[in-house]
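> this one's sequence-less:
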């Protein structure tokens, strides 16, 4: 099952040095989940050949503009391009008011329905659950209500051992039941136990998205053992004072989160516009957590496959 | 006096083919006036080296998103980059509510003041008047309240004839009065009439910005003899039905406006996302009004100098 993350933007606050504000596309089993939607996200999708029409779920972490100012434009374009399929937006409650007001003044009646699920930054809860994934909110600490999102891939079906299946000549209509764990009994009454017919599927993967937040341990347990942890890392650690003041995380702190929560891999982003290049941030992170990468626009990460 | 227009975006509705939604920068005597502000305008300014901090006036024609979805991002960035100088926004009244609501939810207290002047699309009025320019609203017809803007350069001072000034040996402290039209009397009581000391300055130029509107003659007289007329031209004329339905103008109609109002030059823009290339639009316009150009992003037009 595909479980891939594409970065559309990773700058904080203001766009600069060809870096756009936060937006990411998570492709889970060929369904697209948009995470945050800074200004210019739809232009970034055109640039990186992401089909906006394929997005069914939009997650907004909080209502600072660099995380949602691209949303109205995207919703408008979907409407103008003929979308009729509903879209689900998971977001802080006031976003509905912001969207409704603007479409009201522009006299836009969307051709598709928006289904809202509102986040509550005080608690962690499962806010989406389908056959591919369950998603929990991660309460973060950032001045205004803010949640991260923890995507847990669903346990996949067991894999058929083709040679055995073929040898026993099992008809295809039994495959689904066998993949789900059933034994097979042939016409002579011989029972073939499931464990000689299948192998276990890979362990489900998780993607933890933590932006924006001050460093704190409140969510460590929830995100432990993430296959991929995205954590904001706005400043180098020599700007710790500024990080504390603005309720952001330094690179060293983000690496420390990855270390303490036993992440498999760390992705850092939400870079301050003061950094023209990013290699210093990467180097600093790797002093604490070697398996770190930069959230560079246009880059796709195959979660768990590296 | 500088009177230059730089195009930052000229697509209609949805961004496509590397064309961004509407935004223009008018440089009048080194002061920057932003006209409309579609999504991604601040990124376009970075790309084309326009200093956002130098903008003191923002004009928003109407509240369709492709004309203002970039405004919140721009205002945020100005704030984050330390602006303290007030900014003036000339716009339909509901825009204030849209801005206030979003900054309220993000708990942003701008470090600078926004002074609003509200447009009334039912009448034409002078909504800005300073030493460089006066600006009138142009009532347009577009389903929701919409105004264009007519920028009239102020009459400039007369030009000194350097040789004569030098010959008579006129002290510099008289220059301003002479430029304003005064005669000069020397120590011997000899009077030098102004017309031998100066030449008239060039006629004041005008820039008429008309977007979005259905074709109608209501504003023809107001914009007559424009040095540069920008007119939306969303569709080729073979899509007249669509233009009528969406209250837009075809290329042929825009050219007809330029012809009938005796514009010096026509600039067409607000191109439908259906046109991957624009040469057909330009050719169609030139069949009626030869002195037409396309509003291409990044291009600067020296108004009246061609």
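Yes, it's here. Computed from a predicted model, the values in this text were never measured in an experiment.

> any idea how chain A splits into domains?
For chain A, the structural domains run A:3-156+A:202-302, A:159-199, going by automatic domain parsing.

> Pull out the buried positions in stretch A:258-275.
Within stretch A:258-275, the residues that count as buried by 16 or more other CB atoms under 10 Å in any protein chain shown are A:258, A:261, A:263-273, A:275. In short, each C-beta sits where N, CA and C put it, glycine included.

> Pick the one among those residues closest to residue A:71.
Among the buried residues of stretch A:258-275, residue A:270 lies closest to residue A:71 (CB to CB), at 17.6 Å.

> Please state the backbone phi and psi of the closest one?
phi 60, psi 50 (degrees, to the nearest 10).

> does it really touch residue A:232, like I thought?
Yes. Between residue A:270 and residue A:232 there is a contact under CB atoms under 8 Å: 3.8 Å.

> which neighbours do the two share?
A:12, A:211, A:212, A:248 (CB atoms under 8 Å, 6 or more residues apart in numbering or on different chains).

> Quick check: the last one vs chain B, distance?
Yep, that's residue A:248 we're talking about. Remark: distance between residue A:248 and chain B (CB to the nearest CB, to the nearest Å) = 13 Å.

> residues contacting the residue lying closest to that residue once chain neighbours are set aside?
Among residues not flanking residue A:248 along the chain, residue A:234 sits closest, at 4.0 Å (CB to CB, 6 or more residues apart in numbering or on different chains). Residue A:234 makes contact with A:12, A:212, A:243, A:246, A:248, A:249, A:250, A:270, A:271, A:272, according to CB under 8 Å, 6+ apart.

> what does residue A:55 give?
A:25, A:32, A:33, A:34, A:87.

> Could you report the pLDDT at the last one?
We have a pLDDT of 97 for residue A:87.

> Does residue A:184 touch residue A:198 like I think?
No. If you go by CB under 8 Å, residue A:184 and residue A:198 don't touch, sitting 10.1 Å apart.

> shared neighbours, those two?
What both residue A:184 and residue A:198 touch, as defined by CB under 8 Å, 6+ apart, is the set residue A:178.

> Just name the closest of the buried residues of stretch A:258-275 to chain B, please.
Chain B lies nearest to residue A:273 out of these, by CB to the nearest CB, at 8.1 Å.

> Leaving out the residues flanking it, which one is nearest to that closest one?
That would be residue A:16: by CB to CB, 6+ apart, it lies 4.1 Å from residue A:273.

> so the residue nearest to residue A:15 when sequence neighbours are not counted is in which element?
Closest residue in space to residue A:15, ignoring its immediate chain neighbours: residue B:43 at 5.2 Å, by CB to CB, 6+ apart. If you go by DSSP states H and E, residue B:43 is part of helix B:41-47.

> List the buried residues in the helix or strand just after that helix.
The first helix or strand that comes after helix B:41-47 along the chain, using DSSP H and E, is strand B:55-59. Residues of strand B:55-59 classed as buried by neighbour count (16+ other CB under 10 Å): B:55, B:57, B:58, B:59.

> Tell me the first helix or strand C-terminal of strand B:55-59.
The helix or strand immediately downstream of strand B:55-59 is helix B:71-80, counting by DSSP H and E.

> now that following helix against strand B:55-59, angle please.
Going by axes from the mean of the first three to the mean of the last three CA atoms, to 10 degrees, helix B:71-80 is angled at 160 degrees with respect to strand B:55-59.

> hmm, who's touching helix B:71-80?
A:13-15, A:21, A:39, A:65-66, A:69, B:34, B:37, B:39, B:41-42, B:52-53, B:58, B:60, B:87, B:95, B:99, B:102, B:108, B:110-112, B:114.

> Near chain B, which residues of chain A are found?
A:13-16, A:20-21, A:39-40, A:42-43, A:46, A:63-66, A:69-70, A:72-73, A:76-77, A:80-81, A:92, A:94, A:97-98, A:101-102, A:105-108, A:143-144 (CB under 8 Å from any CB of the partner chain).

> Give the other helices and strands that the longest helix along chain A contacts.
Ranked by residue count, the top helix of chain A under DSSP state H comes out as helix A:94-105. On a contact count with 3 or more CB pairs under 8 Å, 6 or more residues apart in numbering or on different chains; DSSP states H and E, helix A:94-105 meets helix A:71-80, strand A:114-118, helix B:94-105.

> Work out the sheet partners of the helix or strand that the second one is followed by and label each with its direction, please.
Translated: strand A:114-118. Next along the chain after strand A:114-118, taking DSSP H and E as the criterion, comes strand A:126-129. Counting by DSSP bridges, the strands paired with strand A:126-129 are strand A:133-139 (antiparallel).

> Can you name the next helix or strand after the partner strand?
That would be, after strand A:133-139 and using DSSP H and E, strand A:147-153.

> what's that next one in contact with?
Outside strand A:147-153, the residues within contact range by CB under 8 Å, 6+ apart are A:1, A:3, A:26, A:28, A:33, A:35, A:59, A:61-62, A:90, A:92, A:119, A:121, A:132-140, A:204-211, A:213, A:219, A:222-223, A:226.
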